[in-house]
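Peer 1: Give the three-dimensional model of this entry:
(2 chains)
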Amino acid sequence: MAEFRTVPADASTGRRFLTWVDDRFPLTKLWNDQWGQYYAPKNFNVWYIFGSLAALVLVMQILTGIFLTMHYKPDAGLAFASVEYIMRDVPWGWLVRYMHSTGASAFFIVVYLHMFRGLIYGSYRTPRELTWIFGCLIFLALMAEAFMGYLLPWGQMSYWGAQVIVNLFSAIPFIGPDLALLIRGDYVVGDATLNRFFSFHVIAVPLVLLGLVVAHLIALHETGSNNPDGIDIKKNLGPDGHPLDGIPSHPYYTTHDMFGACVFLFFFSAVVFFMPEGGGYFLEPNNFIESNPLKTPQHIAPVWYFTPFYSMLRATTDLMVNVLAVILALAGVLGILRGRFSAAGKIALAVGAIVGIALLKTFDAKFWGVVVMGGAVLILFFVPWLDGSPVRSIRYRPGWHKLVYAVFVFFFLVLGYLGSQPPSVAGNYISQIGTLVYFGFFLLMPWWGRLGHFKPVPQRVVFHAH
Amino acid sequence: MSDQPIDSGKRTWIIASGCAGVVGAGFAAVPFISSFEPSERARAAGAPVEADISGLKEGEKMTVEWRGQPVWIVRRTKEQVAELPKNDPLLADPKSERNPDEFTPPYARNEQRSIKPEYLVVVGICTHLGCSPSDRFTPGAQPSLPADWPGGFLCPCHGSTFDMAGRVFKNKPAPDNLRVPPHTYLADTRLLIGEDSKA
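Peer 2: Take a look at the predicted model:
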């Protein structure tokens, strides 16, 4: 057994109690490792607020979710009415419900900005690959959580949205139809589906999500935070062994994050109190009609945070599959003619390209739409290995790289907008271009990421005290 | 790790018991995964339903619910039936040859995709991603449809179009024609949906 710590005879009761705990549970150690003595770079800018805001929203969603569960009924016959009951009859129920529904959209806004921060400052680069991957898994779990949560109010959009998404799985060759049956638990989206989505939404996915958040933070606090300069602050240690460009998270970032949380809550409250439906984007008008399995609404669209990916799904028509086949063929030919591969590598490349094209033409465009949509999320996992630029931060990349990021963001927003609109011919062509830009940004990163004249990276972070 | 040599005998048994544990966990997972399948009650709910079509006038559609899905019964006009063969070159699968076992029972593998030329019976669920198409019976140009529209159905979700026999037009997201459910006529105006004729 370890020796107990000694306390001075005149120590306060609180101090004595903490020592008693620390002898049995590493409370002080955990606090210091994870926050109190965690040295974060001193040059964080506004982009660095979204991580702690995401944590705030997560806590808010869990708390409001617990209270909603006390009144909600996961039954196809009662669900819609129970949500209206929460809105009208449960004291303050409307506030809890609107906090939860607005919180879902806020979560995605914060997380998208957090991910963009990671992209522009190279936060995914060595040694932070696992922090990034845990983050991508959180994003994936969040999408599952949001999708299943959206079924619960059992409105028209809930029902037909779930119908479309579950049917996506049935497009997978061979196992698809059985898989869709397994997800629904019935031949149509029904009571069984609602009940199991409720179970996933309130317990299974949140547990996974919390575990992933812990892993994300442990990984981050192991490697240390990146910063807008992309400089490793651990290379310049002071005499006390702490980074010269770092400050302890407590009290510095505690107060910083509390200020950020206040600003965030200003905006959040404005939405909750004055426009809880978010202009039809946070809560869609059709979802105020109870689900009707016999009638699809005139226009169905997913909630805004899924629309970029939904656009890519719709963009994958027979024409798009042909375009992809041509691109694959060109990539194969270029790789063989210009690539520095061995003879065996080139043969493998040729075989791979031919098999790829054959597969593209064998399965329906419907299936490839699902692949494109899934691939759009999965490709994020590979960013740490796709980016080969000599610097981390966009600050020291060639000027035109900013333009590349701008084009990427522009098309992502355009895809998001088009996904919320009814299908149209022109819109479909634009989404096809947008889909190619999205994938081109990531898949061509090994090339464009190295091109151009990079600026010298300073030894110490750029920081001007206020 | 310790610097002692690896006891390969012990190592083999550790691997063997580890594998046995994984197999056991796999078996233990079976009941849980199986519980995701449709329950006995859901299976039983797939019983056939009867529809009385005596009140259906020419050019009208009625909807009945079978297995939680909308089943449409359309009484086509003589002109609509006569128009059907003209659509053939525009259709992806005019003869219903794709996955016939799943989408078209043998007695509906004809130009009208029906037992009686007049009555179309199809499941009103788009074969793309499961939305329910809306009626666009009036021919001619109209929003979201081509100028030479012959009359049929339009899916609001992803724009697939079907003709008056539930056959999908070319270059649309939906890969298959609308499904013709198993059905049979109990009498001239009484239709049983969900069961083929026993004869």
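
Peer 1: low-confidence ranges in chain A?
Peer 2: For chain A, residues meeting the criterion pLDDT under 70 lie at A:1-2, A:466.

Peer 1: Now for it: which helix has the highest residue count?
Peer 2: helix A:93-120 (DSSP state H).

Peer 1: before we move on, what about chain B?
Peer 2: Longest helix of chain B, by residue count under DSSP H: helix B:8-34.

Peer 1: The closest residue to chain B within the stretch 351-466 of chain A and residue B:176: what is the separation?
Peer 2: Nearest residue of the stretch 351-466 of chain A to chain B (C-beta to the nearest C-beta) works out as residue A:423 at 4.4 Å. The C-beta positions use only the backbone N, C-alpha and C, and glycine is treated the same way. Using C-beta to C-beta, to the nearest Å, residue A:423 is found at 19 Å from residue B:176.

Peer 1: burial measure for the nearest residue to residue A:396 once chain neighbours are set aside, as a count.
Peer 2: Among residues not flanking residue A:396 along the chain, residue A:455 sits closest, at 4.4 Å (C-beta to C-beta, 6 or more residues apart in numbering or on different chains). The number of residues packed near residue A:455 is 12, by other C-beta atoms under 10 Å in any protein chain shown.

Peer 1: if we can go back for a sec, show the contacting residues for the residue of the stretch 351-466 of chain A closest to chain B.
Peer 2: A:314, B:157-159 (C-beta atoms under 8 Å, 6 or more residues apart in numbering or on different chains).

Peer 1: Okay, and which of these map to helices?
Peer 2: Mapping the contacts of residue A:423 onto helices (DSSP H) picks out residue A:314.

Peer 1: just the contacts of residue A:423 now: which is nearest residue A:321?
Peer 2: Nearest to residue A:321 among the contacts of residue A:423: residue A:314, at 13.3 Å, using C-beta to C-beta.

Peer 1: burial count for the closest one?
Peer 2: Neighbours of residue A:314 under the rule other C-beta under 10 Å: 25.

Peer 1: what's the distance between it and residue A:56?
Peer 2: Distance, residue A:314 to residue A:56, by C-beta to C-beta: 34 Å.

Peer 1: again with residue A:439
Peer 2: The spacing between residue A:439 and residue A:56, counted by C-beta to C-beta, is 33 Å.

Peer 1: now swap in residue A:361 and tell me
Peer 2: For residue A:361 relative to residue A:56 (C-beta to C-beta), the value is 49 Å.

Peer 1: Go through the longest helix of chain A and flag the buried ones.
Peer 2: A:93, A:95-120 (16 or more other C-beta atoms under 10 Å in any protein chain shown).

Peer 1: What residues does the stretch 351-466 of chain A have near chain B?
Peer 2: Within the stretch 351-466 of chain A, the residues that sit near chain B (C-beta under 8 Å from any C-beta of the partner chain) are A:364-366, A:369, A:422-423.

Peer 1: Of those residues, which is the nearest to residue A:13?
Peer 2: The closest of these to residue A:13 turns out to be residue A:369 (C-beta to C-beta; 65.1 Å).

Peer 1: ok, now which ones touch the closest one?
Peer 2: By C-beta under 8 Å, 6+ apart, the neighbours of residue A:369 are A:168, A:171, A:312-316, B:173.

Peer 1: Now, of those, which are buried?
Peer 2: Neighbour counting with 16+ other C-beta under 10 Å marks A:168, A:171, A:312-316, B:173 as buried within the contacts of residue A:369.

Peer 1: Mind putting those residues into a markdown table with distance to residue A:331?
Peer 2: Shown next, in a markdown table, are the buried ones among the contacts of residue A:369 (distance: C-beta to C-beta, whole Å):
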| residue | distance to residue A:331 |
| --- | --- |
| A:168 | 27 |
| A:171 | 25 |
| A:312 | 19 |
| A:313 | 23 |
| A:314 | 24 |
| A:315 | 19 |
| A:316 | 18 |
| B:173 | 26 |
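
Peer 1: Pick the one among those closest to residue A:124.
Peer 2: residue A:312 (21.8 Å).

Peer 1: and the helix or strand harbouring the closest one with chain B, contact?
Peer 2: Using DSSP states H and E, residue A:312 falls within helix A:307-315. Yes. Using C-beta under 8 Å from any C-beta, helix A:307-315 comes into contact with chain B via residue A:314.

Peer 1: Identify the residues contacting that helix?
Peer 2: Outside helix A:307-315, the residues touching it (C-beta under 8 Å, 6+ apart) are A:168, A:301-302, A:369-370, A:372-373, A:376-377, A:412-413, A:415-420, A:423, A:428, A:431-432, A:434-435, A:438, B:158, B:173.

Peer 1: try it again with 6 Å
Peer 2: For helix A:307-315, the surrounding residues in contact (C-beta atoms under 6 Å, 6 or more residues apart in numbering or on different chains) are A:302, A:369, A:372-373, A:376, A:412, A:415-416, A:418-420, A:431-432, A:435.

Peer 1: Quick one: which of those residues is the most crowded by neighbours?
Peer 2: Neighbour counts for these (other C-beta under 10 Å) peak at residue A:431, which has 30 neighbours.

Peer 1: Give me the most central residue, the chain.
Peer 2: Because you didn't say which chain, this covers chain A. The residue lying closest to the centre of chain A (C-alpha atoms, centre = their mean) is residue A:139, at 2.9 Å.

Peer 1: Let me rephrase: I mean chain B.
Peer 2: Nearest to chain B centroid, counting by C-alpha atoms, centre = their mean: residue B:179, 4.4 Å.
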